[in-house]
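> could you look at this predicted model? Sequence included:
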Amino acid sequence: MQLERLWLTDFRNYAAAELHPAPDGLTVVTGANGEGKTNLLEAVGYLATLRSFRGAPGEALVRAGAPVAVVRAEARRDGRGLLLEAELHPTGRDRVQVNRQPLKRTRDLLGALQVTVFAPDDLELVKGGPAARRRYLDDLLVALHPRHDATQTELDRVLRQRNTLLRQAGGRATPDVVATLEVWDAKLADAGEKLVTARRGLTAALEPLVSSAYAQVAEAARLRGSHVGVRLAYQASWEGGLAAALAAARGDDLRRGVTTVGPHRDELGCWIGDLPARTHASQGEQRSLALGLRLGGHRLVAERIGSAPVLLLDDVFSELDADRSAALLDALPAGQALLTTAGSPPPGAEARHVVRVEGGKLLP
């Protein structure tokens, strides 16, 4: 997997820009805060996932005053050249093309370009609530098999419809409400069981890779007990079949006006040794585990698809001490990487190409 060229038009604070990253190794993007470094990585990430890794809405990606933003890239995968183009509209009616062929569905772009993002807020993968860990699993599923995006989209659609019905019912289980709930329950059970089966399989495949990556980072960071293994477990919010669980929770759901069981309530449990990482690990251990989760996911995708995703390292070293920075550099697999930094790259980071950003302009 290789990104050869990137063009931006009216994307974020860029009126126009063209980036030629190094074909292999590290491309460093420098500049003061607020000049547009992260926007550059965000554009690459958008072509890979069709969303902002910062969680920004689509309209925020279009430069102020511009009617549309365009992100284009030349990439190479398995020796085959790809021209990827996305036209972003504030109204949300985006258009995408691959090799100048319009796609009937924007999601058909998924999988053409693979990226792994390391960001300063990755600590939330361990310290934050379950939603961050569910998103981590779901993003990896789509990277491994883009068809999972359709399952996730269907699940979200059914949940919205079911929750709307629950709110409108006002706690009343009338025959019409019950009959309609049964329809949505069947759809939710179908999509939910598919997603949970995939999440469970992914969790099992990730565990040894995350444990190994954590040990590598923790040992280099001189954390006590770095030899202790990491355990991951998928924790569903129900027992037995989802259809039966939804039926059993119907009375509570009607009273509360929300769906209380399902994949949207599940958790990815993370332990270091025998202790839950979210509540019992030190911040150093949590940060090392967050790096382990990203590295483990990257290695799994590279192994399954046969080529390493492009690494996007968004100012990640500013949050790491010297030992953990060195450990991350040692753990990064060979391949193409883009790194943003407001200062100098960490010791040991050998840049093949350096670009400076000032006011939304790329300078040599």
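Okay, I see it.
> so how far is the helix or strand of the chain with the lowest mean pLDDT off the chain centroid?
Every helix and strand in the chain was compared by mean pLDDT, DSSP states H and E; the lowest is helix 322-331, with a mean of 85. Here helix 322-331 is found 22 Å from its chain centre; the criterion is Cα atoms, centre = their mean, to the nearest Å.
> stretch 350-364 now?
Relative to its parent chain, stretch 350-364 has a centroid offset of 25 Å by Cα atoms, centre = their mean.
> what comes up buried for it?
For stretch 350-364, burial by neighbour count (16 or more other Cβ atoms under 10 Å) applies to 351, 353, 355, 357, 360, 362. C-beta here means a position set from N, CA and C on the backbone, and glycine is covered the same way.
> list the contacts of stretch 51-65.
Contact with stretch 51-65 is made by 10-15, 38, 41-42, 45-46, 68-69, 88-90, 92, 94, 117, 119, 312, 314, as judged by Cβ atoms under 8 Å, 6 or more residues apart in numbering.
> one more pass at 6 Å, please.
The contact list for stretch 51-65 (Cβ atoms under 6 Å, 6 or more residues apart in numbering) reads 10, 42, 45, 69, 88, 90, 92, 117.
> of all the residues in that stretch, which ones are buried?
Using 16+ other Cβ under 10 Å as the test for burial, stretch 51-65 gives 52, 53, 54, 58, 61, 62, 63.
> will you turn the contacts of stretch 51-65 into TSV that also has secondary structure and pLDDT?
Output for the contacts of stretch 51-65, formatted as TSV (DSSP: H, G, I helix; E, B strand; the rest coil; pLDDT from 0 to 100):
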residue	secondary structure	pLDDT
10	strand	97
42	helix	97
45	helix	95
69	strand	97
88	strand	93
90	coil	87
92	coil	76
117	strand	95
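> which of the residues you listed are buried? Put it as a PyMOL command.
Burial among the contacts of stretch 51-65 is assessed by 16+ other Cβ under 10 Å; the matching PyMOL selection reads:
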select buried, resi 10+42+45+69+88+117
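> next, give me the two most distant ones among the contacts of stretch 51-65.
Within the contacts of stretch 51-65, 90 and 117 form the most distant pair, 24.2 Å apart (Cβ to Cβ).
> what's the nearest residue to residue 199 if we skip its chain neighbours?
Among residues not flanking residue 199 along the chain, residue 137 sits closest, at 5.1 Å (Cβ to Cβ, 6 or more residues apart in numbering).
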